[in-house]
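[1] got a sequence here, can you build the structure:
(one chain, ligands or ions: 1)
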Amino acid sequence: MKKVIAIYPGSFDPPTNGHLDLVERGSRIFDELVVAILRNPEKDPLFSLGERRHMLEDLTSGFKNVRVDTFDGLMVDYAAKLNATAVLRGIRALSDYEYELQMALMNRKLLPDLETVFMMPAEQYSYLSSRLVREVARLGGAIDGLVPELVEQRLREKLDPAIKLQNARVKQQSRKSKTGKHA
Ligand code: PNS
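    Numbers count the residues shown, from 1 in each chain. Presented below is the predicted three-dimensional model:
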């Protein structure tokens, strides 16, 4: 039987528990799921493409049929290149619907054979978005339970220069001790 390959496109800046919830649901119904990060030089993301890719690879390493990739240009062209027949998107509330419907119908016009599949994340993530996570973290609010621990740690490092400096020092020390050099 033909394998059903789906892509799960997005910005993932940063990945949230809502995204992971959807990855888990998608991995159960598709043979192969490709989490596809948009390479968009116009946007000014908090996390670089490489950082997002590493985080997502780490967070999805437990799923055998999930892999992470990046793409640019039209999503439908990327989907065709992979022989994907489905696009996975999450719908949280009614407010998502209009934008998602517009996008799904435009994608259908561009590539009629590509089916958009909407899934709902667990209720506790229905208000969660990467934008809100970035904002709350930036202003010092608690984001535990909303993003995986790894992402929480990376956000803290990114937004707190003191932690960044401390980490850089620890890395430098360990490099020096490996090469036998002392400060
Ligand atoms: O997580 P996001 O930012 O809501 O994801 C939006 C994304 C990446 C799925 C959408 O912007 C996209 O597919 N961009 C690629 C360019 C494209 O195909 N545009 C036409 C969409 S109808």
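
[2] count of residues packed around Tyr127?
    The local packing count at Tyr127 equals 11, with neighbours defined by other Cβ atoms under 10 Å. In short, each C-beta sits where N, CA and C put it, glycine included.

[3] need the pLDDT of it.
    Note on Tyr127: pLDDT of 93.

[4] now do the SS call for it.
    The three-state label for Tyr127, taken from DSSP: H, G, I helix; E, B strand; the rest coil, comes out as coil.

[5] which residues touch it?
    Going by Cβ atoms under 8 Å, 6 or more residues apart in numbering, Tyr127 touches 92-93.

[6] what parts of the chain come near the ligand?
    For the chain, the residues found near the ligand under the criterion Cβ under 6 Å from any ligand atom are 9-11, 38, 74-75, 103, 106-107.

[7] just the buried ones from those?
    Of all the residues of the chain next to the ligand considered here, the ones buried according to neighbour count by 16 or more other Cβ atoms under 10 Å are 9-10, 38, 75, 107.

[8] looking at these, which is nearest Lys176?
    Distance from Lys176 was checked for each of these by Cβ to Cβ. The minimum falls on Leu38, at 38.9 Å.

[9] is it correct that the closest one is in contact with Gly10?
    Yes: under the criterion of Cβ atoms under 8 Å, Leu38 lies in contact with Gly10, with a separation of 6.9 Å.

[10] contacts for stretch 75-85, please.
    Identification of contacts with stretch 75-85 by Cβ under 8 Å, 6+ apart yields 4-7, 9, 34, 36, 38, 71, 87, 107, 110-111, 113-115.

[11] which among the residues you listed end up buried?
    With neighbours counted by 16+ other Cβ under 10 Å, the contacts of stretch 75-85 contain buried members at 5-7, 9, 34, 36, 38, 71, 87, 107, 111, 114.

[12] contacting residues for Ala93?
    The neighbours of Ala93, taking Cβ under 8 Å, 6+ apart as the test, are 126-127.

[13] pLDDT weak spots in this structure?
    Segments of the chain classed as low confidence (criterion: pLDDT under 70) are 162-168, 181-183.
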